[in-house]
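A.B. asks: just a sequence and a predicted model for now, questions to come.
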Amino acid sequence: MDSTKSEETVDCVVVGGGPAGMMAGLLLARQGVNVRVLEKHPDFLRDFRGDTIHPSTMKVMDELGIVGRFLNIPHRRMKTVAVSAPDGESVFADFSLLPEPYNYVAFMPQWDFLDFLAEEARAYPSFELIREAQVTELLIKGNQAHGVRYTTPPWRADAHGTARYRSGRPPLHSTHTRMARPR
């Protein structure tokens, strides 16, 4: 972002660079939507809730023409999930029953998956990922959210973006969720 500007308008601001936010940013950028993804961390290297890529996600990536590059990233494949019990092992889920070629769950560190999505999205000039962006305010006109205000580290200018759309499924107790609740 140009440090002389304190406000820029984009078509869509996505709050959060997790799997849903990065995929939304990629899909919107592919359609020519000017999208800015705000990620509060400097990178994706942290512990996550899950390191699994499900068959439906791989099918979507296949439809987007990017699954080949995804499958080049080191990963493990799991076709069944079994649980041990006193009376023996029991299969909990059997992905091998799904249609090929995506009849398994891929295990890979989520940071590798997020880096992959960010790299794919950067191929589109309408995509922007801003790291270390802390959302500080939900911008509201009347009863509609129209953007967010966010800050970046001291070596970057404080900024806020306005948007025609706002996207994101924040954690239930996040700052921007509290901002959106009626007072």
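C.D. replies: Perfect, I can see it now.

A.B. asks: in terms of secondary structure, what does the stretch of helix or strand Arg149 belongs to contact?
C.D. replies: In this assignment (DSSP states H and E), Arg149 forms part of strand 144-151. Here strand 144-151 touches strand 7-15, strand 134-141, strand 159-167, going by 3 or more C-beta pairs under 8 Å, 6 or more residues apart in numbering; DSSP states H and E. The C-beta positions use only the backbone N, C-alpha and C, and glycine is treated the same way.

A.B. asks: check which residues of whichever helix or strand comes after the first one are buried.
C.D. replies: Proceeding N to C from strand 7-15, the next assigned helix or strand is helix 19-30, under DSSP H and E. Of all the residues in helix 19-30, those buried under the rule 16 or more other C-beta atoms under 10 Å are Pro19, Gly21, Met22, Met23, Ala24, Gly25, Leu26, Leu28, Ala29, Arg30.

A.B. asks: how far off centre is the strand holding Arg149?
C.D. replies: Put simply, strand 144-151 sits 18 Å off its chain's centre (C-alpha atoms, centre = their mean, to the nearest Å).

A.B. asks: may I see the buried residues of that strand?
C.D. replies: Ala145, His146, Gly147, Val148, Arg149, Tyr150, Thr151.

A.B. asks: C-alpha coordinates for that strand, CSV please?
C.D. replies: Output of strand 144-151 as CSV, limited to C-alpha atoms (Å, rounded to 0.1, in the frame of the first residue of the first chain):
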residue,chain,number,x,y,z
GLN,A,144,-24.8,-1.8,6.6
ALA,A,145,-21.1,-2.6,7.0
HIS,A,146,-19.2,-1.1,4.0
GLY,A,147,-15.6,-1.8,5.0
VAL,A,148,-13.0,-2.0,7.7
ARG,A,149,-10.3,0.1,9.2
TYR,A,150,-7.1,-1.6,9.9
THR,A,151,-3.6,-0.8,11.1
